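Novice: Pasted the sequence and its predicted model underneath.
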Amino acid sequence: MESQNELLRSLPKIDECILWLESVMDEYVPHRIIKECVQKVIDRERKSILAGEKQHLVIKSRGDWEKLFIQSIRKKMTANFRRVINGTGVIVHTNLGRSLLPDAALEALGMVGGYYSNLEFDLETGRRGSRYSLVEDLICELTGAESAIVVNNNAAAVLLVLDTLAKGTEVIVSRGQLVEIGGSFRIPDVMAKSGADLVEVGATNRTHLHDYEQAITERTSMLLKVHTSNFRMIGFTSEVSGEDLSALAKKHGLVTMEDLGSGSLLDLSPYGLEKEPTVQEAVKAGIDVVTFSGDKLLGGPQAGVIVGSREVIGKVKKNPLNRALRIDKFTLAALETILRYYYDTNNALESIPTLKMLTEHPDIIKERAEAITGKIRNDLSGQCDVTIGATVSKVGGGAMPECKLASWAVELQPKTMSISMMEKSFRQLRMPIIGRVESEKFLLDARTIQDREISELADLIRDFFRTDVIENA
Ligand SMILES: *Cc1c(COP(=O)(O)O)cnc(C)c1O
């Protein structure tokens, strides 16, 4: 064992390491990053020698140092915001980016990102145009609404509408609909921010039309309905329909608003999913203004869509807050592409990834799971049991919380490490793989794995076990 002084003397010279690394790195790395990483690694070593940590009591070879430097540089050069493989089976996974966009939408993003566009330029008149007009007619055609506007997300949509129509007045909401959506969006809080006074009516489980009617005062401006996206009440419950609510509002000269949350344009119940209220139904029921998300069941980019009567949307468009919440050009480009698919239901189901994953037949998912296991099973024998098994996927995004979709998963049972170790290591791969741990198995639900990820996923898993053996040797 070397003495501390000897070890300290053996630490390489920073400048020499930088020169040497610059000559061996096969990809471009900015000088300041190499310098920072070399300094960091050597400092760390010096500290641990001084602290007498055991693993540092041998002199490192040039190869050892190179490995440490390169590891540190790689980490620094990797983007923080990265692609991952979603094996969780949660389709609209808010933490993993909610909806995936089809290729045509990705092309649209590239087009408006890399070239100039008519974002706010009217090609007919040659004058300034409105970004909202690019999608307004399309949204109206699909939903049956008179008018529409889009903003940053649905939370912004709710805030903007309440701020426009209800500031300084009372808004009546059923107690059973005062929802909290993940990420700290609570209807009572948004209401407070918009300067409207919330008036709760009904009991938690039941609200009747007369509850709303009795709560109307001369300060009331709005009757609000909120879709309880992420929870369900069962048993002795009742809610007032959109039709009844809007008839009551008309009688008293009030406006009605519905926060639909997911905002589906299609009834997916024929595919074994829960019946979600559609935007068209809310509009048809006579609700004056309806808001919904762009990236939940619609399957598009993050956005908040507001549809309603010409009069109400006209006021919303004039609210200065609108400018602060406005939608950007990338979102608009992707949103228009997605909406156009809805002209043809089958095309929408086939081309919009969220809808495709929601409605995919278990047999097809099983084939995908088999394709993955087929590529890895032989190579992993001895190190990991590879099987497939039935599982259930979830919709996610706070939509259809009770819905369990029959699916198939690749099941991995490692023999050389614990399941929790495997789960953690998979998250930290150069291409992170996110799965679920269930009854001592690591599961990758094939429903949320894309066809074009199959080979890549198999390679990642094979490489993982290969390097694991070497490192354990
Ligand atoms: C998801 C949701 C929101 C928030 O929508 P974002 O697009 O995430 O801002 C608001 N209200 C309801 C009912 C929701 O389900």
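Specialist: Cool, got the structure.

Novice: C-alpha from now on. contacts and neighbour counts both.
Specialist: Fine.

Novice: what sits up against stretch 439-454?
Specialist: Counting by Cα atoms under 8 Å, 6 or more residues apart in numbering, stretch 439-454 makes contact with 85-91, 357, 360, 365-366, 368-369, 371-372, 391, 393, 407-413, 419, 422-423, 434-437, all of which sit outside it.

Novice: Around the ligand, pick out the residues from this structure.
Specialist: 153-155, 181, 226-229, 259-262, 293, 304, 398 (Cα under 6 Å from any ligand atom).

Novice: Let's see that with 8 Å instead.
Specialist: Proximity of the chain to the ligand (Cα under 8 Å from any ligand atom) is limited to residues 152-158, 179, 181-182, 185, 187, 226-230, 259-262, 292-296, 302-304, 397-399.

Novice: so which helix or strand takes in residue 376?
Specialist: In the assignment (DSSP states H and E), residue 376 maps to helix 362-380.

Novice: and that helix, how far from the chain's centre?
Specialist: Between the mean C-alpha location of helix 362-380 and the chain-wide mean there is a distance of 26 Å, by Cα atoms, centre = their mean, to the nearest Å.

Novice: got the contact list for that helix?
Specialist: When contacts are taken as Cα under 8 Å, 6+ apart, the neighbours of helix 362-380 outside the stretch itself are 385-388, 406-410, 445-447, 451, 454-455, 457-458, 461-462, 465.

Novice: From the residues of the chain next to the ligand, which land in helices?
Specialist: Secondary structure assignment (DSSP state H) places 154-158, 187 from the residues of the chain next to the ligand within helices.

Novice: Roughly how far does the nearest residue to residue 289 once chain neighbours are set aside sit from residue 325?
Specialist: The spatial neighbour of residue 289 that comes closest, neighbours along the chain excluded (Cα to Cα, 6 or more residues apart in numbering), is residue 308 at 4.2 Å. Noted for residue 308: a distance of 18 Å to residue 325, by Cα to Cα, to the nearest Å.

Novice: And those two? Which one has more around it.
Specialist: Comparing residue 308 with residue 325 by neighbour count (other Cα atoms under 10 Å), the higher total belongs to residue 308, at 26 against 17.

Novice: quick one: the residue of the stretch 1-150 of the chain found nearest the ligand and residue 346, what's the gap?
Specialist: Nearest residue of the stretch 1-150 of the chain to the ligand: residue 94, at 8.3 Å (Cα to the nearest ligand atom). Noted for residue 94: a distance of 26 Å to residue 346, by Cα to Cα.

Novice: same check, this time on residue 115
Specialist: Counting by Cα to Cα, the gap between residue 115 and residue 346 amounts to 32 Å.

Novice: Looking at those two, which one has more neighbours?
Specialist: Just comparing residue 115 and residue 346: by other Cα under 10 Å the higher neighbour count belongs to residue 346, 10 against 7.

Novice: Please name the bridge partners of the residue of the chain found nearest the ligand.
Specialist: Across the chain, the shortest distance to the ligand (Cα to the nearest ligand atom) belongs to residue 261, at 3.3 Å. With DSSP bridges applied, residue 261 shows beta-bridge pairing to residue 292.

Novice: what about it, neighbour count?
Specialist: Residues near residue 261, counting by other Cα under 10 Å, number 27.

Novice: Now do the contacts for it.
Specialist: 154, 226-227, 229, 291-293.

Novice: ok, so of these, who is nearest residue 172?
Specialist: residue 226 (11.0 Å; Cα to Cα).

Novice: Quick check: that closest one touching residue 180?
Specialist: No: distance between residue 226 and residue 180: 10.7 Å, which falls outside the contact criterion (Cα atoms under 8 Å).

Novice: These two: who's more crowded?
Specialist: Counted by other Cα under 10 Å, residue 226 and residue 180 do not tie: residue 226 has more neighbours, with 19 against 16.

Novice: check contacts around the nearest residue to the more buried one once chain neighbours are set aside.
Specialist: In space, and not counting its chain neighbours, residue 226 is closest to residue 259: 4.7 Å by Cα to Cα, 6+ apart. Each residue near residue 259 by Cα under 8 Å, 6+ apart is listed here: 158, 224-227, 290-292.

Novice: Could you report the pLDDT at residue 259?
Specialist: If you check residue 259, the pLDDT there is 96.

Novice: and what of residue 154?
Specialist: According to the predicted model, the pLDDT of residue 154 comes to 95.

Novice: Make sure residue 199 is indeed in a strand.
Specialist: Yes: residue state for residue 199 (DSSP: H, G, I helix; E, B strand; the rest coil) corresponds to a strand.

Novice: Flag the shaky bits of the stretch 1-150 of the chain, pLDDT-wise.
Specialist: Confidence mapping of the stretch 1-150 of the chain against pLDDT under 70 gives the ranges 1, 54-57.

Novice: try 80 this time
Specialist: 1-2, 53-58 (pLDDT under 80).

Novice: what's the spacing between residue 29 and residue 211?
Specialist: Distance from residue 29 to residue 211, by Cα to Cα: 66 Å.

Novice: who has more neighbours, those two?
Specialist: Between residue 29 and residue 211, counting by other Cα under 10 Å, residue 211 is the more crowded of the two (18 against 15).
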